[in-house]
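A.B. asks: my questions concern the predicted model and sequence given below.
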Amino acid sequence: MPTTRETILAALHARISVLPATALRGEVLPERVPVDGLLILRDGESGEPEVTLSPLSYHYQHRAEIEAVVQGTNRDGAFDALCANIGAVIAVDRTLGGLCDWIEAEAPRPVELPVEGAAGLKAAVIPVVLHYTTADPLA
């Protein structure tokens, strides 16, 4: 049986997988970026929870990351559209079907990456904060 953390991360991956960009989870950057862009969900870190004792509950603000990558002649427009689409699919249901108390993306930190002999890449890490509660830090 998957943990609360894994269930939430799998739901987030499923949510971003509806976008036209290719969505991977925990993979290395492939040699070629798909035409519609690439998203790589990184599990991130759950951090130190706040604890309540009655009933015993662990309240996490887990910081996952989505790496967004585009390539081509219209990198700026494609990157902007991809980021907006990520925000839109997250906003559809900020509880991931009741799995989280709240989910919110933070502003991307874009960078330009040169590629020898090809159009450069525009990429960013988009932090996603997942607020959830569990009865056991290992459950």
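C.D. replies: Arrived safely, thanks for sending.

A.B. asks: hmm, who's touching the worst-scoring helix or strand of the chain on mean pLDDT?
C.D. replies: Every helix and strand of the chain was ranked by mean pLDDT, DSSP states H and E. The lowest is strand 109-115, at a mean of 86. Contact with strand 109-115 is made by 71, 79, 120-125, as judged by Cβ atoms under 8 Å, 6 or more residues apart in numbering. The way it works is simple: take the backbone N, C-alpha and C, and place the C-beta from them, glycine included.

A.B. asks: strands paired with the helix or strand following it, and their directions?
C.D. replies: Proceeding N to C from strand 109-115, the next assigned helix or strand is strand 118-134, under DSSP states H and E. Note on strand 118-134: by DSSP bridges, its sheet partners are strand 56-71 (antiparallel), strand 102-105 (antiparallel), strand 109-115 (antiparallel).

A.B. asks: please identify the most buried of those strands.
C.D. replies: strand 56-71 (a mean of 19; mean count of other Cβ atoms under 10 Å).

A.B. asks: average pLDDT across it?
C.D. replies: Strand 56-71 shows a mean pLDDT of 96 in the predicted model.

A.B. asks: the next helix or strand after that strand: how far from the chain's middle?
C.D. replies: As assigned by DSSP H and E, the chain's next helix or strand after strand 56-71 is helix 75-92. On the basis of Cα atoms, centre = their mean, to the nearest Å, helix 75-92 sits 12 Å off its chain's mean C-alpha point.

A.B. asks: is the one residue sitting closest to the centre of the chain in a bridge, and if so with what?
C.D. replies: Taking Cα atoms, centre = their mean, the centroid of the chain lies closest to residue 66, which sits 3.4 Å from it. Bridge pairing for residue 66 (DSSP bridges) gives the partners residue 41, residue 126.

A.B. asks: residues in contact with it?
C.D. replies: By Cβ under 8 Å, 6+ apart, residue 66 lies in contact with 16, 39-42, 86, 105, 125-126, 128.
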